[in-house]
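> Output the structure for:
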Amino acid sequence: MAGSVNKAMILGRVGKDPEIRSTQGGARIANFSVATSESWRDKHSGEKKEKTEWHRITVWPENTVKVVEDYVRKGDLILVEGQIETRKWTDQQGAERYSTEIVVSAFRGSITLIGRTDNSGRQGGGRLTDREVDDRAGGGTAQRTRGDDLSDEIPF
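Numbering: from 1, shown residues only. Predicted structure coming up:
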């Protein structure tokens, strides 16, 4: 269908430490869940109400799986962008089951670490910069910052 968009963006807390597995072909996959919550005051009783939704996240690109494995922990605040996919599978009793998840795949999603909990294992303050994420994932996209000596690269 031309002109359609399948993009999900959620900001929430990681429900448990990510599970890292490998396919039969050797590709690594990260799975974890993210909780998003909304709260409101009931009009009639004045009581505060809250509703939490759980979202299954699947991460495919090897570099992003490595970042998830090393830095994402239960309780961390995380921004996930990906595509919604529903897959069909058969359970151990032979019943057909369906799972809907947000899939972060190469060029079709991202993960941004926003905040951390004390048990996250990261040093210092919460958010990792884009450069830190790229460096730790082996992305090699380090850029020069102001003050670096560029004289060796000027062609004239």
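
> Roughly how far does Gly26 sit from Asp76?
Per CB to CB, to the nearest Å, Gly26 is found 28 Å from Asp76. For every residue, glycine as well, the C-beta is placed using N, CA and C.

> Could you point out the bridge partners of the residue nearest in space to the middle of the chain in the sheet?
Ranked by distance to the mean C-alpha position of the chain (CA atoms, centre = their mean), the top residue is Ile111 at 3.7 Å. Assessed by DSSP bridges, Ile111 has beta-bridge partners Val80.

> Show the contacting residues for it.
Val59, Thr64, Val67, Val68, Val72, Ile78, Leu79, Val80, Glu81, Val104 (CB atoms under 8 Å, 6 or more residues apart in numbering).

> hmm, 10 Å instead?
Listed by CB atoms under 10 Å, 6 or more residues apart in numbering, the contact set of Ile111 reads 30, 57, 59, 61, 64-65, 67-68, 71-72, 78-82, 104, 133.

> re earlier: neighbour count winner among Gly26 and Asp76?
Higher neighbour count among Gly26 and Asp76: Asp76, with 23 against 6, using other CB atoms under 10 Å.

> any idea how far Ala2 is from that one?
38 Å.

> Over to Arg21?
Arg21 sits 36 Å away from Ala2, going by CB to CB.

> When the two are compared, which one has more neighbours?
In terms of neighbours (other CB under 10 Å), Arg21 is the more surrounded of Arg21 and Ala2; the figures are 10 against 3.

> Is it correct that the more buried one is in contact with Arg28?
Yes. Arg21 is within contact range of Arg28, at 7.3 Å (criterion: CB atoms under 10 Å).

> Enumerate the beta-bridge partners assigned to the closest residue to Gly15 other than its chain neighbours.
Nearest non-adjacent residue to Gly15, counting by CB to CB, 6 or more residues apart in numbering: Ser33, 4.0 Å away. Taking DSSP bridges as the rule, Ser33 bridges to Arg56.

> Please give me every residue in contact with Ser33.
By CB under 10 Å, 6+ apart, the neighbours of Ser33 are 12-16, 18-19, 54-57, 74, 101.
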